[in-house]
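**Student:** what follows is a predicted protein model with its sequence.
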Amino acid sequence: MPVVSEWEMEWTRLMVLDLAPGEVYAHTCGESEWIVLPLSGGCQVRCRALPGPAPQTPAGLKERGSALNPAPRPPAGPEDGQGGPNPASPAFEARGPGQSPGNGPEVFQLHGRTEVFDGVSDFAYLPRDAHAEVASENGGRFALAGARCERRLPARYGPAGKVPVELRGAGHCSRQLNNFAAAGPDGFDCDRLIAVEVLTPGGNWSSYPPHKHDEHHPGEESRLEEIYYFEIAPHGDTPGLGYQRVTPSPAGNTDILTEVRTGDAVLIPDGWHGPSMAAPGHDMYYLNVMAGPGGTREWLIRDHPDHGWIRGSWDGQDVDPRLPFLRTEDHR
């Protein structure tokens, strides 16, 4: 059966699937929108949206208690259609190698990539109130980034060639952003979900200066919780490692200093977050998944007042010559 790691907060969700060759994973979107993003390998995504208009909540979604355990939750059981066959599902079931595929009205073939440092990947968007399958002929690892939402948008394909790639910072603060689902008028359209990839050469500090987005201040700061999911490049047979810092802000008391390795996640409901520190010799990747209660999908941050000055020091410095990491050609 697929190996599933899962993290959930009040607004954001993240699942990471490890599929063996020929395995299929059945997924029920529920009240969340999702993006399927290959981390290694390629896959086929089949989606069936439920008929009729999306349910309406005139007063907006009701907030509910957060699940802030940073450890992966165990895979869901067959009874909820997440990790095994679900006879009650009107669309799909999970199947092992050699069993016949499901029939879905929308099918997206994701070419993916060898691994996260190999380049930008294509992806697929799944609407709320849909059923889907992720199937991988050759196996691989796949992220499902999700956010509770209200609007039901159409399922669709995101080509790798249209993912904006940004080099941010300079010197030892240089990093690369793959803005596949960033907010903004030119970004990929989602209801609440904001998701980007950040790649940091070994020895550099990323997510720096420390910043926060845990209060609503129109035009200055948006309230967004965030999940960081990490993959760290090894050096030969030595596994990679890095470190993540979160310090308390006026909006909360989150205080974290933790070592991170491939497969780890850090949940950030509030606080000044950064730096993300890549150990020398070990390039760092992290997937950021963000969402919040605001009526406008936007990413507005405030720098920590003690450290924001570092931005001015980048003037005249070169971007780290190890960037950008390879960009996958658009196969479509």
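**Tutor:** Okay, I see it. Note that the structure is a prediction, hence the values are computed from the model and not measured.

**Student:** number of nearby residues for Gly263?
**Tutor:** Neighbours of Gly263 under the rule other Cβ atoms under 10 Å: 14. Where you see a C-beta, it was placed from the backbone N, CA and C, and this is true even at glycine.

**Student:** how much space separates it from Val4?
**Tutor:** Distance of Gly263 to Val4, computed by Cβ to Cβ, to the nearest Å: 12 Å.

**Student:** who touches both of those two?
**Tutor:** Any residue near both Gly263 and Val4 by Cβ atoms under 8 Å, 6 or more residues apart in numbering counts here, and that gives Val16.

**Student:** partners of the nearest residue to Pro2 once chain neighbours are set aside in the sheet?
**Tutor:** In space, and not counting its chain neighbours, Pro2 is closest to Tyr25: 4.6 Å by Cβ to Cβ, 6 or more residues apart in numbering. Counting by DSSP bridges, Tyr25 is bridged to Val134.

**Student:** then Trp7?
**Tutor:** When assigned by DSSP bridges, Trp7 has beta-bridge partners Leu14.

**Student:** near it, how many other residues are there?
**Tutor:** 23.

**Student:** for Leu110, see how far away it is.
**Tutor:** Counting by Cβ to Cβ, the gap between Trp7 and Leu110 amounts to 22 Å.

**Student:** low-confidence ranges in the stretch 101-250 of the chain?
**Tutor:** By pLDDT under 70, the low-scoring segments of the stretch 101-250 of the chain are 101-105.

**Student:** that one: helices as residue ranges?
**Tutor:** For the stretch 101-250 of the chain, applying DSSP state H, counting those that start in this stretch gives no helices.

**Student:** which helices and strands sit right next to the strand with the most length in the chain?
**Tutor:** Secondary structure of the chain per DSSP state E: the longest strand is strand 32-49. Strand 32-49 sits against strand 12-19, strand 106-113, strand 123-126, strand 130-135, strand 140-148, strand 175-181, with contacts defined as 3 or more Cβ pairs under 8 Å, 6 or more residues apart in numbering; DSSP states H and E.

**Student:** dump those strands into JSON lines; add distance to Ala251 and mean neighbour count as well.
**Tutor:** Formatted as JSON lines, the helices and strands packed on strand 32-49 follow (distance: least, Cβ to Cβ, whole Å; neighbours: other Cβ atoms under 10 Å):
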{"stretch": "strand 12-19", "distance to Ala251": "16", "mean neighbour count": "24"}
{"stretch": "strand 106-113", "distance to Ala251": "37", "mean neighbour count": "20"}
{"stretch": "strand 123-126", "distance to Ala251": "30", "mean neighbour count": "25"}
{"stretch": "strand 130-135", "distance to Ala251": "33", "mean neighbour count": "24"}
{"stretch": "strand 140-148", "distance to Ala251": "20", "mean neighbour count": "26"}
{"stretch": "strand 175-181", "distance to Ala251": "25", "mean neighbour count": "24"}
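
**Student:** which one of the ones you listed lies closest to Gly169?
**Tutor:** Nearest to Gly169 among the helices and strands packed on strand 32-49 is strand 175-181; the distance by Cβ to Cβ comes to 5.7 Å.

**Student:** quick one, the closest one and strand 32-49 angle?
**Tutor:** Interaxial angle, strand 175-181 versus strand 32-49 (axes from the mean of the first three to the mean of the last three Cα atoms, to 10 degrees): 50 degrees.

**Student:** packing partners of strand 175-181?
**Tutor:** In terms of contacts (3+ Cβ pairs under 8 Å, 6+ apart), strand 175-181 is packed against strand 32-49, strand 165-168, strand 194-200.

**Student:** partner strands of the longest one and their direction?
**Tutor:** Strand 32-49 has these partner strands in its sheet, going by DSSP bridges: strand 106-113 (antiparallel), strand 123-126 (antiparallel), strand 130-135 (antiparallel), strand 140-148 (antiparallel).

**Student:** still on that earlier bit, need the helices and strands packed on strand 32-49 in a markdown table (columns: distance to Leu193).
**Tutor:** Formatted as a markdown table, the helices and strands packed on strand 32-49 follow (distance: least, Cβ to Cβ, whole Å):
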| stretch | distance to Leu193 |
| --- | --- |
| strand 12-19 | 8 |
| strand 106-113 | 17 |
| strand 123-126 | 9 |
| strand 130-135 | 14 |
| strand 140-148 | 4 |
| strand 175-181 | 6 |
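
**Student:** wait, which of those is closest to Gly41?
**Tutor:** Nearest of the helices and strands packed on strand 32-49 to Gly41, taken as Cβ to Cβ: strand 140-148 at 2.0 Å.

**Student:** between strand 12-19 and the closest one, find me the angle.
**Tutor:** Going by the same axes, to 10 degrees, strand 140-148 makes 160 degrees with strand 12-19.
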